[in-house]
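K.L.:
fold the following.
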Amino acid sequence: EGIGILEILNAIVARIPPPEDTSKKPLRAFIFDREVLYGSAIAAMVCLYGRILSFTIFFVDGTMKKGDRVYFMASGKDYFADEIGVLSPSQLQVEELYAGEVGYLSASIRTVADARVGDTVTHYGRKADNSLPGYEEATPMVSCGLFPVDADQFPDLCDALEKLQLNDAALKFEPETSSAMGFGFICGFLGLLHMEIVQERLEREYNLSLITTAPSVVYRVHCVNG
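P.N.:
Okay, the predicted model is just below:
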């Protein structure tokens, strides 16, 4: 156990050149994970917007301080960095994070769609010219309606879909009303398998009884007469 680890670490220091110092450039940080915070000190604060989200981010350029107003380049939304820190392995608060570091950012986010995995975070007052490469929003290929059997479970269904969307950027949903089934959501998926997995997770992990409409696909209509 542990054989050769010290040699590998020494070789990394000796053979791999240090990265360029980009801490003076406009902030660019890449979001690669996110979660809802429960039970932490910041989650106990009164949330004026929605829920408290924590993002794990890699800082490519610039620096970030606690309290900075940050801008999410893909969604065009801005929020304040209520808390920042590093993972060691639990969350440890710091006052500032620098280029080349991996840390976390906690903020009061109105909806989870405002800050997606793959998005680039920059400063609101000094925005970066370009976002980091690699982000491409998923396009749903199949859609269906999800309605709770019990109308009282509609808020629970909304909450469950938002939680699933935290780590499933391909899942899209919007409110829908049916005269027969009441309030529900039209959901977009990558395919039938993705749809089945999401439905099963909603029923198994969140104890929801659902009515699912027949799946449909987006199609184009070509009018021969113009």
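K.L.:
tell me, what residue is most central in the chain?
P.N.:
For the chain, the residue sitting closest to the mean C-alpha position, by C-alpha atoms, centre = their mean, is residue 116 at 3.6 Å.
K.L.:
that one in helix, strand or coil?
P.N.:
coil (DSSP: H, G, I helix; E, B strand; the rest coil).
K.L.:
ok, how many other residues are close to the residue lying closest to it once chain neighbours are set aside?
P.N.:
Excluding its sequence neighbours, the residue lying closest to residue 116 (C-beta to C-beta, 6 or more residues apart in numbering) is residue 169, at 5.5 Å. C-beta: built from backbone N, CA, C; applies to glycine. Neighbourhood size, residue 169 [other C-beta atoms under 10 Å]: 18.
K.L.:
isn't the residue nearest to the centre of the chain right up against residue 73?
P.N.:
No. If you go by C-beta atoms under 8 Å, residue 116 and residue 73 don't touch, sitting 10.4 Å apart.
K.L.:
pull stretch 71-85 out as CSV, backbone CA atoms only.
P.N.:
Extracted in CSV, the C-alpha atoms of stretch 71-85 (Å, rounded to 0.1, in the frame of the first residue of the first chain):
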residue,chain,number,x,y,z
TYR,A,71,-21.9,36.3,-13.2
PHE,A,72,-22.8,33.0,-14.9
MET,A,73,-22.0,33.4,-18.5
ALA,A,74,-24.3,30.8,-20.0
SER,A,75,-27.4,31.8,-18.2
GLY,A,76,-26.7,35.5,-17.9
LYS,A,77,-27.6,35.6,-14.2
ASP,A,78,-25.7,37.2,-11.4
TYR,A,79,-25.5,36.4,-7.6
PHE,A,80,-23.3,37.1,-4.6
ALA,A,81,-20.8,34.6,-3.4
ASP,A,82,-22.1,34.0,0.1
GLU,A,83,-19.4,31.6,1.0
ILE,A,84,-16.2,30.3,-0.7
GLY,A,85,-13.7,27.7,0.4
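K.L.:
pLDDT (mean, whole number) over that stretch?
P.N.:
The average pLDDT within stretch 71-85 is 91.
K.L.:
over to stretch 123-136?
P.N.:
87.
K.L.:
starting at the chain centroid, how far to that stretch?
P.N.:
Here the centre of stretch 123-136 is set off from its chain's centre by 16 Å, with C-alpha atoms, centre = their mean, to the nearest Å.
K.L.:
residues of that stretch that come out buried?
P.N.:
Buried residues in stretch 123-136, defined by neighbour count with 16 or more other C-beta atoms under 10 Å: 123, 127, 128, 131, 132, 135.
K.L.:
tell me how far residue 194 lies from residue 33.
P.N.:
As defined by C-beta to C-beta, to the nearest Å, residue 194 lies at a distance of 20 Å from residue 33.
K.L.:
helices of this structure, start to end?
P.N.:
Here the chain has its helices, by DSSP state H, at 5-15, 154-166, 192-205.
K.L.:
mind listing what's buried along the last one?
P.N.:
Translated: helix 192-205. For helix 192-205, burial by neighbour count (16+ other C-beta under 10 Å) applies to 194, 195, 197, 198, 199, 202.
K.L.:
quick check, nearest of the residues you listed to residue 214?
P.N.:
Among those, residue 195 lies closest to residue 214 (C-beta to C-beta), at 11.1 Å.
K.L.:
all good on my end, thank you.
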